[in-house]
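Enquirer: predicted model follows, preceded by the sequence.
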Amino acid sequence: MGHRPSRSDLLVIAGFIRPRVLWRGLFVGRPFLSHWSSAVMITLSGLMVEPLAWLQSLQIRRQLRARQLPPDPIVVMGHWRSGTTYLHQLLASDPAAATVRNSLMVAPQVGVLLRPLIVPILARLMSARRPIDAVAWEPKDPQEDELCIAKLTIDTNMAGVAFPLDYLVHFRRSVLLTTRRFERLWLYITRLTWLHDGAGRSHLLIKNPAHTARVPMVLKHFPKARFILLKREPLDSIRSLVQVKQRMSGLVGLQPLPSEITQVEETVTAHRELIQAFEASRHLIPKGQLVEVAFSDLVRQPFQEVQKIYETFGLQSWTTAQAPIRQRIEQSSTYRADPVALEPLAEQRLRVLLGVE
């Protein structure tokens, strides 16, 4: 697939999952014995920090209750591979923005307790670039909250990555549907993010493509939430996601990889259902709380697109945000995306499903 991910990257992305999550995973998925080595590493790392997880829970309980969350978080969403990561990186460069970062995502159950240790450890563990798409990443870089939540529950979209033969099952039960338990865990991670990264900051930044179908859930708890929807041509977005899913499942999957044709068919279906879910709830978003950004515009003129977001939402930190955002854009200018190419039959199937000549 072009990348040979290391065991250390496996630990960063899928390690330190709480034992009860792995136990429940045995009942919602079908792990294959052929993937036992990954399963053992994931399990042992979670068991190793579990006593400290209880200690952190006791230590921060009062702090979480005392912290008042901003009532109007900024939520970056849109189908996967539509520019959400890039925009998140730019917005998170603002010194006033608090967000989930890799240093919290790797083990949220101990992320506050072990904060002084995690960053230097991650600096040693992490590859210079993400194994799924060659994007540069560092311990303090922003991360989507779904990966954080996945360390605490099997009921996330990441279950479909761990169990790629059942991707659509997990997508529908964990993205198109939400439970009260998931809502509680999402709110917990949101509060934990503010505790972990919010000191001295003015606004909360959340990035998660799965939230494209969860607008009602977000508005239920944050009626003033501001949404940014990334939009990209389905052909390009889906093709790229198929490649990333194959790489991601190859890294953390507990089942054999499905064929590219199967991945194409399931990803096209999930794309359609995700967008339909958003359009069904679009009317719930109050006027002035939604900005739509085209992927092509973001790539062509990133600074101007970010400036428009600040102006539309009336963010007060633009003066201090400009320099670090420009710096991040400059850093990203050297990035060269991996070529995205499917097997000929998979590409043909993708075009037929999308009605593309």
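Expert: Nice, thanks for sending it over. Numbering: from 1, shown residues only.
Enquirer: CA atoms for contacts and neighbours, from now on please.
Expert: Fine.
Enquirer: and stretch 102-121, which residues are buried?
Expert: 102-114, 118-119 (16 or more other C-alpha atoms under 10 Å).
Enquirer: ends of that stretch, how far apart?
Expert: Using C-alpha to C-alpha, to the nearest Å, the end-to-end distance of stretch 102-121 comes to 12 Å.
Enquirer: in stretch 202-211, what counts as buried?
Expert: In stretch 202-211, counting by 16+ other C-alpha under 10 Å, buried: 203-211.
Enquirer: then stretch 216-225?
Expert: Applying 16+ other C-alpha under 10 Å to stretch 216-225 flags 216-219, 223-225 as buried.
Enquirer: in helices, which of the residues you listed fall?
Expert: If you go by DSSP state H, these have 216-219 in helices.
Enquirer: low pLDDT regions in the protein?
Expert: Applying pLDDT under 70 to the chain flags residues 1-7.
Enquirer: circling back: most widely separated two among the buried residues of stretch 202-211?
Expert: H203 and A210 (21.1 Å; C-alpha to C-alpha).
Enquirer: what helix or strand is L205 on?
Expert: strand 203-207 (DSSP states H and E).
Enquirer: now do that strand: which elements does it pack against?
Expert: strand 74-77, helix 84-92, strand 97-98 (3 or more C-alpha pairs under 8 Å, 6 or more residues apart in numbering; DSSP states H and E).
Enquirer: just to revisit the earlier point, ok, the buried residues of stretch 216-225 vs L257, which is closest?
Expert: Distances from L257 to the buried residues of stretch 216-225, taken by C-alpha to C-alpha, are shortest for M217, at 31.9 Å.
Enquirer: for burial, what's the neighbour tally of the closest residue to that closest one other than its chain neighbours?
Expert: Once flanking residues are discounted, M217 sits nearest to E183: 7.5 Å by C-alpha to C-alpha, 6 or more residues apart in numbering. Number of residues near E183 (other C-alpha atoms under 10 Å) recorded here: 14.
Enquirer: in which helix or strand does E183 reside?
Expert: Going by DSSP H and E, E183 is in helix 180-197.
Enquirer: returning to what we had before: can you list the helices and strands packed on strand 203-207 in JSON lines and add mean neighbour count and distance to R300?
Expert: As requested, these are arranged in JSON lines below (neighbours: other C-alpha atoms under 10 Å; distance: least, C-alpha to C-alpha, whole Å):
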{"stretch": "strand 74-77", "mean neighbour count": "25", "distance to R300": "19"}
{"stretch": "helix 84-92", "mean neighbour count": "22", "distance to R300": "12"}
{"stretch": "strand 97-98", "mean neighbour count": "24", "distance to R300": "24"}
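Enquirer: can I get those in TSV including distance to L26?
Expert: Putting those into TSV (distance: least, C-alpha to C-alpha, whole Å) gives the following:
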stretch	distance to L26
strand 74-77	30
helix 84-92	31
strand 97-98	35
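Enquirer: same list (the ones in helices among the buried residues of stretch 216-225) but as JSON lines, adding distance to A199.
Expert: JSON lines is the format used below for these (distance: C-alpha to C-alpha, whole Å):
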{"residue": "P216", "distance to A199": "28"}
{"residue": "M217", "distance to A199": "26"}
{"residue": "V218", "distance to A199": "23"}
{"residue": "L219", "distance to A199": "24"}
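Enquirer: nearest to A136 among these?
Expert: V218 (29.6 Å).
Enquirer: ok, now which ones touch the residue nearest to the closest one when sequence neighbours are not counted?
Expert: Leaving aside its sequence neighbours, V218 sits nearest to A225 (C-alpha to C-alpha, 6+ apart; 7.3 Å). By C-alpha atoms under 8 Å, 6 or more residues apart in numbering, the residues touching A225 are 71-75, 218-219, 289.
Enquirer: now with 7 Å, please.
Expert: By C-alpha atoms under 7 Å, 6 or more residues apart in numbering, the contact set of A225 is 71-74, 219, 289.
Enquirer: identify the farthest-apart pair in those residues.
Expert: Using C-alpha to C-alpha, these span at most 12.7 Å, a distance reached by P71 and Q289.
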